[in-house]
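Undergrad: need a 3D model of the sequence below.
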Amino acid sequence: MPPVLTDGEIILLLAEPKPLPSDYRARVQTKLKRGHRERELDINGASGGRYRLILRQSAINPLDFSAILAAFPNQSNTLFRLCRYNGKSHEHTNMLETQVFYDFHIHRATERYQRSGFREDSFAEPSNRYQDFNGALRCLIQDCAFELPANDQAELF
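TA: This is a model prediction of the structure:
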């Protein structure tokens, strides 16, 4: 079992500045693959952290999507999902709180869920901040300390 990351360590990973490459828009365009569109982009944090942006969207249901930020903590090769912005395509249950909802929702890694034997990002909260894949990606970029290239003045997605 991988070591548990504390809530403080998770906050530091989320807060590390993550400069996007100048060609990030082209590199996050999803490609069709077995019934869904997906793309991954590796990003180096300003303080040396390694991250991966993972994007997936159903080719059939536009509300079935995930925009995920994962880290490679402690220079490991194991992905740790820091957060996941999901569409409104399924019911979600927070097992420890026995809370169930059907809505757009944001998963967050928590020490509590890891220590309880669940996936690091099993906890989620409903969100009304986005209503489509591009909106979820915008929120993730705004929430997770991504930095746009200096020459990029365009609206995010």
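
Undergrad: doesn't T78 make contact with A70?
TA: No - A70 lies out of contact with T78 (C-beta atoms under 8 Å); the separation is 9.5 Å. Using the backbone N, CA and C atoms, a C-beta is placed for each residue, glycine as well.

Undergrad: more crowded one of the two?
TA: A70 (23 against 11; other C-beta atoms under 10 Å).

Undergrad: in the helix or strand hosting L41, which residues are buried?
TA: Secondary structure from DSSP states H and E places L41 in strand 36-44. Within strand 36-44, the residues that count as buried by 16 or more other C-beta atoms under 10 Å are H36, R37, I43.

Undergrad: can you add distance to L53 and pLDDT and give these back as CSV?
TA: Below are the buried residues of strand 36-44 laid out as CSV (distance: C-beta to C-beta, whole Å; pLDDT from 0 to 100):
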residue, distance to L53, pLDDT
H36, 16, 87
R37, 14, 89
I43, 6, 95
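
Undergrad: out of these, who's nearest P17?
TA: If you rank the buried residues of strand 36-44 by distance to P17 using C-beta to C-beta, I43 comes first, at 10.4 Å.

Undergrad: ok, now which ones touch the nearest residue to R84 once chain neighbours are set aside?
TA: Closest residue in space to R84, ignoring its immediate chain neighbours: H107 at 3.9 Å, by C-beta to C-beta, 6 or more residues apart in numbering. H107 sits next to R81, C83, R84, Y85, N86, D121, S122, F123, A124 when contact means C-beta atoms under 8 Å, 6 or more residues apart in numbering.

Undergrad: what residues are up against the fourth one?
TA: The contact partners of Y85, taken as C-beta under 8 Å, 6+ apart, are S66, A67, I68, F104, I106, H107, S127, Y130, A136, L137, C139, L140.

Undergrad: CA atoms of the helix ranked longest in the chain as CSV?
TA: In terms of residue count, the longest helix belonging to the chain (DSSP state H) is helix 133-143. These are the backbone C-alpha positions of helix 133-143, laid out as CSV (Å, rounded to 0.1, in the frame of the first residue of the first chain):
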residue,chain,number,x,y,z
PHE,A,133,-16.3,19.6,-19.9
ASN,A,134,-14.6,22.9,-20.8
GLY,A,135,-16.1,24.6,-17.7
ALA,A,136,-14.7,21.8,-15.5
LEU,A,137,-11.2,22.1,-17.1
ARG,A,138,-11.4,25.9,-16.5
CYS,A,139,-12.2,25.4,-12.9
LEU,A,140,-9.4,22.9,-12.4
ILE,A,141,-6.9,25.2,-14.0
GLN,A,142,-8.1,28.1,-11.8
ASP,A,143,-8.2,26.1,-8.6
